[in-house]
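Trainee: Only the shape, not the letters, is given here:
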């Protein structure tokens, strides 16, 4: 009898899990609350660890073909370079480069790995029963209840499934930063990829393979704060006098195409990433600050490890899910803590603290591998188990 899985959430983690499960023979249904899968206005960086995970079900080459390889580094707002990195150095250290693509492209590539009827949009779902040895899990949808051998909860930072499984567990905490993301046409004057650190502010620019540019910004802000003049005006106020290409990107930005989100991260590890026949993954399990670029990468790893532990357990979730927790919880929480440490560095705002940070970064880069590479040691070199 064919195993059946229901995935709650059609983001990158949920679709990766669905594609990996389908690749191993599961019947999969993905329930997505939104009217469409395609996210707007944002890119995603995939380090070699995520690319190797995607290779396990044949998606890695397609992702790399639609990605831009990044050569750039870390800068100051006036344009001074603190550190430079290149693809060759990343490949030597981690077995491959970091690539960047539009999130919508990645979602399309993952969805293409699924049968045409596997994804249901405009389908809000709620966990009705996590299941047990003597009964399947059950999910409630607008079209009726679905029973499944396995439920994959990929319903994001404010996961309702996580709350249902672990009531009373502390919710993700506000990190003190808000972020903006936008995709714009590439400015006429060439530029390398870069991340620029200012006083309590950060800007990143990443060329995409199709001639557009993915840009992101970060600033210290109270939770829930919004600009009365609009987000483009706020970005111009905060970053309009920074080095090229930042002013040109802001000049070409569509005010309606700017995404802004406060960032929340896990403060206390969950006791497990599973309960009954339900597995949590991605932001539903371990939301993290974005400063290592690993939020999506760890969700991709989750989906692949989940599928592979089920193969080893002959498709039995009750045997596989404890092993999934054993593999994923320590690793992902280590990445959460390391991301938080970098986040604290980027939030420094006093002139003295920022001056000391600059001096420390210059010293580290003179003495050994570039800081951007060192920060990913033990993360980007991950490989799926045989």
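Mentor: Yep, that arrived. These numbers come from a predicted model, not from an experiment.
Trainee: so what secondary structure elements neighbour the helix ranked longest in the chain?
Mentor: Longest helix in the chain, counting residues (DSSP state H): helix 317-346. Applying 3 or more CB pairs under 8 Å, 6 or more residues apart in numbering; DSSP states H and E, we find helix 317-346 packed against strand 173-185, strand 259-265, strand 274-275, strand 278-280, helix 295-312. (C-beta placed from N, C-alpha, C; glycine too.)
Trainee: so which of these comes closest to residue 251?
Mentor: strand 173-185 (9.0 Å; CB to CB).
Trainee: Determine how far that closest one lies from the middle of the whole chain.
Mentor: 13 Å (CA atoms, centre = their mean, to the nearest Å).
Trainee: Could you number the chain from 59 rather than 1 from now on?
Mentor: In the new count, where the first residue is 59, that last one comes out as strand 231-243.
Trainee: pLDDT of it, averaged?
Mentor: Strand 231-243 carries an average pLDDT of 96.
Trainee: Next: stretch 415-427.
Mentor: Stretch 415-427 carries an average pLDDT of 79.
Trainee: Please point out which parts of it sit buried.
Mentor: By neighbour count on 16 or more other CB atoms under 10 Å, the buried set for stretch 415-427 is 415-416, 419, 423, 427.
Trainee: Kindly report the same for stretch 205-218.
Mentor: So, applying 16+ other CB under 10 Å, buried residues of stretch 205-218: 206-215, 217-218.
Trainee: Check stretch 227-243 too.
Mentor: 230, 232-242.
Trainee: And for stretch 280-296?
Mentor: 289-290, 292-294, 296.
Trainee: so for that stretch, what's the average pLDDT?
Mentor: 95.
Trainee: Show me where the stretch 109-258 of the chain dips below the pLDDT cut-off.
Mentor: Counting by pLDDT under 70, the stretch 109-258 of the chain contains no low-confidence residues.
Trainee: What ranges does it have for its strands?
Mentor: 126-127, 130-133, 139-143, 157-160, 177-178, 184-187, 195-199, 202-206, 208-211, 231-243, 251-255 (DSSP state E, counting those that start in this stretch).
Trainee: ok, the residue nearest in space to the middle of the chain to residue 84 distance?
Mentor: Nearest to the geometric centre of the chain sits residue 354, at 2.2 Å (CA atoms, centre = their mean). Using CB to CB, to the nearest Å, residue 354 is found at 22 Å from residue 84.
Trainee: And residue 371, by the same measure?
Mentor: Relative to residue 84, and taking CB to CB, residue 371 is found at 13 Å.
Trainee: more crowded one of the two?
Mentor: residue 84 (21 against 16; other CB atoms under 10 Å).
Trainee: Test my guess that residue 284 contacts residue 320.
Mentor: No - counting by CB atoms under 8 Å, residue 284 stays clear of residue 320, with 9.9 Å between them.
Trainee: tell me which of the buried residues of stretch 280-296 is nearest to residue 257?
Mentor: Closest to residue 257, out of all of those and judged by CB to CB, is residue 296, at 10.5 Å.
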